[in-house]
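Trainee: How does the following fold in three dimensions:
(chains A, B and C)
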Amino acid sequence: MATPPPASARRLLPLSLGLFQGALLLFFALYATYDEPSAVATQEEDGTRAAEQLPGLFPLFQDIQVMLAVGLGLLLAFLPRYGLSALAHNFLLLNLSTQWALLLQGVRHGQLRLGLHNVLAAEFAAVTVLISVGAVLGRTSPCQLLAVAFCEVPVYLASEWLVVTQLGVRDVGGTITIHVFACYFGLGVSKALFGTERRPAHPKETPTPRSDLLALVGTLTLWVFWPSFVAAPCQPGDAQHRAILNAFLALSAGAVTTVVASSLLESGGKLSPGHLQNGSLAGGVAIGALADVPITPAASLALGSLSSLVCLLGFRFLTPFLARRLALHDQCGIHNLHGLPGILGAVASAVAGLSPRMAHPWVLARDGKHPPAASGSSAASLLAGNSNGV
Amino acid sequence: MATPPPASARRLLPLSLGLFQGALLLFFALYATYDEPSAVATQEEDGTRAAEQLPGLFPLFQDIQVMLAVGLGLLLAFLPRYGLSALAHNFLLLNLSTQWALLLQGVRHGQLRLGLHNVLAAEFAAVTVLISVGAVLGRTSPCQLLAVAFCEVPVYLASEWLVVTQLGVRDVGGTITIHVFACYFGLGVSKALFGTERRPAHPKETPTPRSDLLALVGTLTLWVFWPSFVAAPCQPGDAQHRAILNAFLALSAGAVTTVVASSLLESGGKLSPGHLQNGSLAGGVAIGALADVPITPAASLALGSLSSLVCLLGFRFLTPFLARRLALHDQCGIHNLHGLPGILGAVASAVAGLSPRMAHPWVLARDGKHPPAASGSSAASLLAGNSNGV
Amino acid sequence: MATPPPASARRLLPLSLGLFQGALLLFFALYATYDEPSAVATQEEDGTRAAEQLPGLFPLFQDIQVMLAVGLGLLLAFLPRYGLSALAHNFLLLNLSTQWALLLQGVRHGQLRLGLHNVLAAEFAAVTVLISVGAVLGRTSPCQLLAVAFCEVPVYLASEWLVVTQLGVRDVGGTITIHVFACYFGLGVSKALFGTERRPAHPKETPTPRSDLLALVGTLTLWVFWPSFVAAPCQPGDAQHRAILNAFLALSAGAVTTVVASSLLESGGKLSPGHLQNGSLAGGVAIGALADVPITPAASLALGSLSSLVCLLGFRFLTPFLARRLALHDQCGIHNLHGLPGILGAVASAVAGLSPRMAHPWVLARDGKHPPAASGSSAASLLAGNSNGV
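Mentor: Coordinates of the predicted model:
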């Protein structure tokens, strides 16, 4: 909808999408079955087992779906002219990338035993695409977006395997594997598509109070459900409880710090809607890497505050600098929301990991109970399909 | 709000509604109690039992409430002029029809033992009213809407009893009993109210980008929570897990197919917001009849794609044809979203039912584990009040 | 954003907020730990215990977060000019007050063992602030709002302790301690800030159909999730099931009565959006005090209807009277939504409490099983940190 494509490109979208759906259907027909424990156990046992685990996982899954389809879609609708197509493209990319990630999982393991945990892992892969395209929002055709999704999902899966399985980096909430990766992939895409072209901001690209209000509703939706995003890959029980509280504290501190920093950075002391829309979420990005680590509540608060501060400083100083020096186009400021807080979270995770037994003030001493880094990302185990979850 | 009613009709609405509320209150005072197991068991046991089942059912109930009050309301708000009244009327009809269905359940069984499962069953009855009035959106007075609700709920309950209890049709997600029924009831209402009157579309009935955006948010809300709608009446455990995955796959494939088909059908290759709003949900309508059947993932994908295709072809060719030939007025296109995909789902269910042991490629062979058709609709068992659920 | 503050006030907001965040961080670093049962029990047991209770509580927590951040924010956005700042200020106050209440809990008990139940109790404290500021919406600077939050939270905690712990008043849903308290605190704030100044309504303070639509979406969000708000502090099991059903019936009857009463009260028989936005929720306010009491379904319906009626009569007659006689400014009509229905609920609770064994027609006789008033508010037990919940 954004830029009217030429006649040939008009057919390119339905053709390539249709082909993709056909190929997917063929693959699923050949390789995919449902991961029903019933296949190997007696009917009684599975019914019981799934019934026990589904009530714990399904509400988190629905929360994450709301975040991706509604929350992120509305957040991207801050440009009044592209609101409808931002929402529509986000929805298309979500579905396409999830299905594509499911297929790639199947290819990797020779077959696909579908369960809610696979779908969740595939949605995490789709998140990277949704983040990346924020850099080029409103300047790309649907076909270009499809090409990004087609390339990014396999690269994500490979990088996730490398970072988590091979290097053993802790990253339960996807701070590094999802946010940092998606940010730099998206900036690369932006550079590749627009090169050194310096396009001035289109006058219609200015948010209005109305589009800002809807985008803020999107932010609030993401903010509310972020703890579910971080908790879903955690082990049920203690780790999940900890992840929820850590995420809540980081997000809450981040929201307050955003108001403080925005009032100081903006001339006139007014709040900038763009700052609020992005800064409030930075704490959630950073806490991902540490979510299930028993850090203290104060550490979560401090990390959340710091992330929002870094995010807003990025908007105020780094984005104009990058645009001027590198002609780097970053429409939604993904480098500020996903890149900088993600790096901050990764550093914090490394610091916490280095000092497990030193009674580090930020880490709750639990006489050696500190989870070793080798336990890695639950997202990875979800993806590998060897989760013993639902 | 839509059409200013004459002075007598202005009093008709509060009078009839007030009378209805009074009668309902009297009925509840005489016949309704809470379905507390505590009445027959020891205090200890029930507390435990309800505590076990409530966490599984209540989140699904809330998801369905969001769908009906917020999602469907916003979807109906696509006409800018009627946005507010569409939302308000949808809300009124939801409450009224639910209470009316609860009363009728009580009348049928001589008493009403209220529990979350009754309320859910009553909301399923209310859904039929909300779907049906989509055919006459913006052209009816509130009193006419009340009359539709008053008539449709008992007819739905009778038809549901006939189709599921008497004919033994499988329909856990309400494809036939809710969607197909509500569609043709709504078209009948439209014909009865407007006859052969050919009213040209009012210029103010054209959606604007802004009203389309809100309607798309409604669609996305419905899309996200649809698996909960389909899973709520299923047995907890395996069947529920399967229903969730089937619904997710059908909805996801439907969303992608909608984009493909809309680009091909629209001149200029642009996406039509109306197509996206409706086509994305068609897969959910069709999968209802099969949701807990162990069909293969590929079958869910294929059914979802096909439903969206049929839905969009209906918008493109059938609706203009019906309007021209039969002067049939269908403002929201309920025949395309609920009628055609519903019939498709019913046919697919019949095909799957015919071939339970033939190792049909679309149905997972599970050595005779295929659920017999006689198990019928869980919605029916919910309604009959003999559920042993919460 | 609303009223441009003078230059010194512009620095006051970030300075005071920043100081607050710093003090909070210090406090958390010194006193707060996570309430992990693991500290006192073996690793195995807690994992199991938390895993059992988290799936029951966390979805309710998320529902309440949606209500406060999204639902209430949108409801307050009914003034088109202040929509964005209403949403932003509501979000800031929610975070600030929650953190402030957590700190005060910690001060009271000498230390803070954080768990989901503490955070919930702190959010209940924040709700009072969000309600109170509705009286002065759009006429106060952010700094004034912060001052309200700073004062109201400790007063709420003291009044809650007095009413529930000392006087032993039943109030599981916060009818008295949250709604009535917040209403009169807010009116006091309004009186203190504006005195007898009679400011005529600004022409830009008139809602538009568009802002009314978004506010109605906020109402619907609150309406849908209200049962979660009432059920969260209840004991899991029977009491929670009862609270959900009581709240649902009261809210549903209230919605229908609102339409009846609004049609009668408005000239021309049209529905007033403002009536619908507020009246639909009055039933939820009133039922709070009785939510887990085994009253009959008819009593819930009657209470819901009566509350909505009282709320609308308040809007029609009491608000103009108070504005004229006392020059009392109540922008959102919190006295009608929270004050009057709250008092009604308190009276109903007292009546139900007086007649526990008299087989009162409104109270289900359960041979002495009627919960004694001494069991008090679960919110209080949550706050006191001695909940044995998650």
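
Trainee: Now chain A against chain C: closest residue?
Mentor: Across chain A, no residue is closer to chain C than A:Gly269, which sits at 3.0 Å (CB to the nearest CB). C-beta coordinates here come from the backbone N, C-alpha and C atoms, glycine included.

Trainee: Verify the stated contact: that residue with C:Arg11.
Mentor: Yes. With contact defined as CB atoms under 8 Å, A:Gly269 counts as touching C:Arg11 (7.0 Å).

Trainee: Mind checking which of these two has more residues around it?
Mentor: A:Gly269 (20 against 13; other CB atoms under 10 Å in any protein chain shown).

Trainee: hmm, back to that, how near is the residue of chain A closest to chain C to chain B?
Mentor: Distance, A:Gly269 to chain B, using CB to the nearest CB, to the nearest Å: 31 Å.

Trainee: which intervals of the stretch 1-150 of chain A have sub-threshold pLDDT?
Mentor: Low-confidence segments of the stretch 1-150 of chain A (pLDDT under 70): A:1-10, A:35-52.

Trainee: Kindly report the residues of it close to chain C.
Mentor: Proximity of the stretch 1-150 of chain A to chain C, by CB under 8 Å from any CB of the partner chain, involves residues A:55-56, A:59, A:63.

Trainee: Could I get the contacting residues of A:Phe58?
Mentor: Listed by CB atoms under 8 Å, 6 or more residues apart in numbering or on different chains, the contact partners of A:Phe58 are A:116, B:59, B:231, B:244.

Trainee: so the last one sits right up against B:Phe229, yeah?
Mentor: This points to B:Ile244. No. Using CB under 8 Å, B:Ile244 makes no contact with B:Phe229, being 10.5 Å away.

Trainee: Would you map the helices across the stretch 151-300 of chain A?
Mentor: A:181-194, A:209-231, A:238-265, A:273-287, A:297-313 (DSSP state H, counting those that start in this stretch).

Trainee: Tell me which of these approaches chain B most closely.
Mentor: Nearest to chain B, of the helices of the stretch 151-300 of chain A and by CB to the nearest CB, is helix A:209-231 at 7.5 Å.

Trainee: helices and strands around that closest one, which ones?
Mentor: Here helix A:209-231 touches helix A:43-66, helix A:72-75, helix A:238-265, helix A:273-287, helix C:43-65, helix C:72-76, helix C:83-109, going by 3 or more CB pairs under 8 Å, 6 or more residues apart in numbering or on different chains; DSSP states H and E.

Trainee: okay, now the closest residue to A:Val217 other than its chain neighbours: neighbour count?
Mentor: Nearest-residue entry for A:Val217: A:Leu74, 5.5 Å, with adjacent residues in sequence omitted and distances by CB to CB, 6 or more residues apart in numbering or on different chains. By other CB under 10 Å, the residues close to A:Leu74 number 28.

Trainee: Regarding A:Ala352, what is its secondary structure?
Mentor: helix (DSSP: H, G, I helix; E, B strand; the rest coil).

Trainee: Counting neighbours, which of the contacts of A:Phe58 comes out on top?
Mentor: B:Ala231 (29 neighbours).

Trainee: for it, what are its contacts?
Mentor: A:58, B:60, B:240, B:243-244, B:247, B:291.

Trainee: Make TSV out of those and add distance to B:Pro142.
Mentor: Below are those laid out as TSV (distance: CB to CB, whole Å):
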residue	distance to B:Pro142
A:Phe58	37
B:Leu60	31
B:Gln240	38
B:Ala243	36
B:Ile244	37
B:Ala247	33
B:Ala291	35
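
Trainee: Please pick the buried ones from the residues you listed.
Mentor: Using 16 or more other CB atoms under 10 Å in any protein chain shown as the burial test, these include A:58, B:60, B:240, B:243-244, B:247, B:291 as buried.

Trainee: B:Gly56 versus A:Gln53, what's the distance?
Mentor: Between A:Gln53 and B:Gly56 the distance is 11 Å, computed by CB to CB, to the nearest Å.

Trainee: out of those two, which sits in the busier spot?
Mentor: B:Gly56 (24 against 20).

Trainee: wait, doesn't the more buried one sit right on A:Gly56?
Mentor: No. Contact criterion CB under 8 Å: B:Gly56 and A:Gly56 do not qualify, at 9.5 Å.

Trainee: pretty sure A:Leu264 contacts C:Leu13?
Mentor: No. Applying CB under 8 Å as the test, A:Leu264 and C:Leu13 come out as separate, 9.4 Å apart.

Trainee: quick one, which of those two is more surrounded?
Mentor: C:Leu13 (22 against 17).

Trainee: Could you pull up the contacting residues of that one?
Mentor: A:259-260, A:263, A:269, C:5, C:141-143, C:146.

Trainee: now A:Leu94
Mentor: Residues in contact with A:Leu94 (CB under 8 Å, 6+ apart) are A:68-69, A:123, A:126, A:130.

Trainee: Check the residues you listed one by one and keep those near chain B.
Mentor: Applying CB under 8 Å from any CB, the subset of the contacts of A:Leu94 adjacent to chain B comprises A:Ala69.

Trainee: where does the stretch 251-390 of chain A have low pLDDT?
Mentor: Applying pLDDT under 70 to the stretch 251-390 of chain A flags residues A:355-390.

Trainee: and the residue positioned nearest the centre of chain A, what helix or strand is that in?
Mentor: With distances taken as CA atoms, centre = their mean, A:Val127 lies nearest the centre of chain A, 4.5 Å away. Assigned by DSSP states H and E, A:Val127 belongs to helix A:116-132.

Trainee: Convert the C-alpha atoms of that helix to CSV, please.
Mentor: Provided in CSV are the C-alpha atoms of helix A:116-132 (Å, rounded to 0.1, in the frame of the first residue of the first chain):
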residue,chain,number,x,y,z
LEU,A,116,2.7,-25.6,21.3
HIS,A,117,6.4,-25.4,22.2
ASN,A,118,7.4,-25.6,18.5
VAL,A,119,5.0,-22.9,17.6
LEU,A,120,6.3,-20.7,20.4
ALA,A,121,9.9,-21.3,19.2
ALA,A,122,8.8,-20.5,15.6
GLU,A,123,7.2,-17.3,16.8
PHE,A,124,10.4,-16.2,18.5
ALA,A,125,12.0,-16.6,15.1
ALA,A,126,9.3,-14.5,13.6
VAL,A,127,9.9,-11.7,16.2
THR,A,128,13.3,-11.1,14.7
VAL,A,129,11.7,-10.3,11.3
LEU,A,130,9.1,-8.0,12.8
ILE,A,131,11.9,-6.1,14.7
SER,A,132,14.2,-5.8,11.7
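
Trainee: now for it, which elements pack on it?
Mentor: Helix A:116-132 packs on helix A:43-66, helix A:83-109, helix A:142-160, helix A:181-194, helix A:378-383, helix B:238-265, going by 3+ CB pairs under 8 Å, 6+ apart.

Trainee: which one of the ones you listed is the most hemmed in?
Mentor: Counting by mean count of other CB atoms under 10 Å in any protein chain shown, helix B:238-265 has the highest mean neighbour count of those, with a mean of 26.

Trainee: and that helix, anywhere near chain A?
Mentor: Yes. Using CB under 8 Å from any CB, helix B:238-265 reaches chain A at B:238, B:240-242, B:244-245, B:248, B:252-253, B:255-257, B:259-261, B:263-264.

Trainee: Wasn't A:Ala327 part of a helix?
Mentor: No. Counting by three-state DSSP, A:Ala327 falls outside a helix, being coil.

Trainee: Count residues in the vicinity of it, would you?
Mentor: Close neighbours of A:Ala327, defined as other CB under 10 Å, add up to 15.

Trainee: And it, how far from A:Gly195?
Mentor: Distance from A:Ala327 to A:Gly195, by CB to CB: 8 Å.

Trainee: excluding its backbone neighbours, what's nearest A:Leu12?
Mentor: Closest residue in space to A:Leu12, ignoring its immediate chain neighbours: A:Cys143 at 5.2 Å, by CB to CB, 6+ apart.

Trainee: Can you tell me what sits against stretch A:20-33?
Mentor: A:39, A:96, A:99-100, A:102-103, A:106-107, A:110-114, A:146, B:253, B:256-257, B:260, B:296-298, B:301-302, B:305, B:361, B:364.
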